[in-house]
Structure formats: C-alpha cells, structure tokens
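J.: Fold the following, please.
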Amino acid sequence: MYTSRVSGHVDAPRAAVYRALVSAQAIARWRVPDGMSGEVHEFDAREGGSFRVSLTYEAPDASGKSAANTDTYHGHFARLVPDEQVVEVLEFEAADPALRGAMTLTTTLTDARGGGTDVLMVHEGIPDAVPAADNETGTRMALANLARFVEADGSS
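T.: Residues are numbered from 1 along each chain as shown. This is a model prediction of the structure:
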C-alpha cells in the first residue's frame, strides 16, 4: 500500500469548493477522469453516510477493476468539517484481493494567498496493484475538473 498527495488551486471560495465535494450531482461531473463517465448510485453526505460510485471507461477495451470496463467503489464519510475538510473511507468493489482494502481520501481546503482555495488531496492505503502513476494522473484530472466545475458555476 502507498500514499499519494496531490494539490491544486481553485479560483473560488472554500464554501463553493466544499459544496462540490459533498454534492452527488457535482461529484458525478467533476470526479471523473478524462476518458471515463461517472454514475453516483448512492450518496449520503453526512458523517457516517455512505456512497457508491462507478466510473466507466469510454474505450471498450479498457480494463476495469470491478467489471469489464468499470471501476466501482463504495464507502462512507468519516469526517466532514464544513468549508475545511472531507475525509472519505472507500474501497474498490473488485474480485481481485490485490485491489481490495480500505483507503482513506482526505481533502483539505485552505484559503490561498491572493484569493481562492488551495486543495490538498491525500489518498492513503492505495493497493500496490493500482499503479501510482495512474492514481496520480486520475487525481490530477479530477482536481482540474473540480476547479473548472466550481469556477464555471458562478455561485462562488
């Protein structure tokens, strides 16, 4: 198992970024890496509340962790601090034991110098069977999507 840390900047206040972290509709739009589509099956954004999400590769020959071309994960919200932090405990729904096991994703929001929000995503307990480069690339894509989504929303 390993840990990844990815940070970025969103040109919007922390409250707007936080709302995108705890909204099923927002998650379905921004937490989807390029070349995939997302579906939120379950999403109860409260401490202890559960979620279940599927990401499906658009390329029919792509290999998924849960099905032929789909990665499905489920989990719960371990900690929610409005406008500051979201801690999720999640696990892939995979037959391969090398891909299973609880992971923790902690997203921390801080005020950025000059305005906006700095976002730090720390993903702990990632199975070694998930290539580190793939995890980092997917997280960076999602963070860029988050920035575009929140900045375009205009409700900041």
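J.: got the CA positions of the longest helix anywhere in the chain in CSV?
T.: In the chain, with assignment by DSSP state H, the single longest helix is helix 132-153. C-alpha atoms of helix 132-153 as CSV (Å, rounded to 0.1, in the frame of the first residue of the first chain):
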residue,chain,number,x,y,z
ALA,A,132,1.0,5.0,-8.6
ALA,A,133,1.2,7.0,-11.9
ASP,A,134,-2.4,6.1,-12.8
ASN,A,135,-3.6,7.2,-9.3
GLU,A,136,-1.8,10.5,-9.5
THR,A,137,-2.9,11.1,-13.1
GLY,A,138,-6.6,10.4,-12.2
THR,A,139,-6.4,12.6,-9.1
ARG,A,140,-4.8,15.5,-11.0
MET,A,141,-7.5,15.2,-13.7
ALA,A,142,-10.3,15.2,-11.1
LEU,A,143,-8.8,18.2,-9.3
ALA,A,144,-8.6,20.1,-12.6
ASN,A,145,-12.2,19.1,-13.3
LEU,A,146,-13.1,20.3,-9.8
ALA,A,147,-11.5,23.7,-10.5
ARG,A,148,-13.3,24.1,-13.8
PHE,A,149,-16.6,23.0,-12.4
VAL,A,150,-16.6,25.3,-9.4
GLU,A,151,-15.1,28.3,-11.3
ALA,A,152,-17.7,27.9,-14.1
ASP,A,153,-20.6,27.6,-11.6
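J.: got the contact list for that helix?
T.: If you take C-beta atoms under 8 Å, 6 or more residues apart in numbering as the criterion, helix 132-153 is touched by 2, 4, 6-12, 16-17, 20, 26, 29-34, 119, 121, 123, 126, 156. Heads up, the C-betas are built off the backbone N, CA and C, glycines and all.
J.: Among the residues you listed, which ones are in helices?
T.: The helices, defined by DSSP H, take in 16-17, 20, 26, 29-30 from those.
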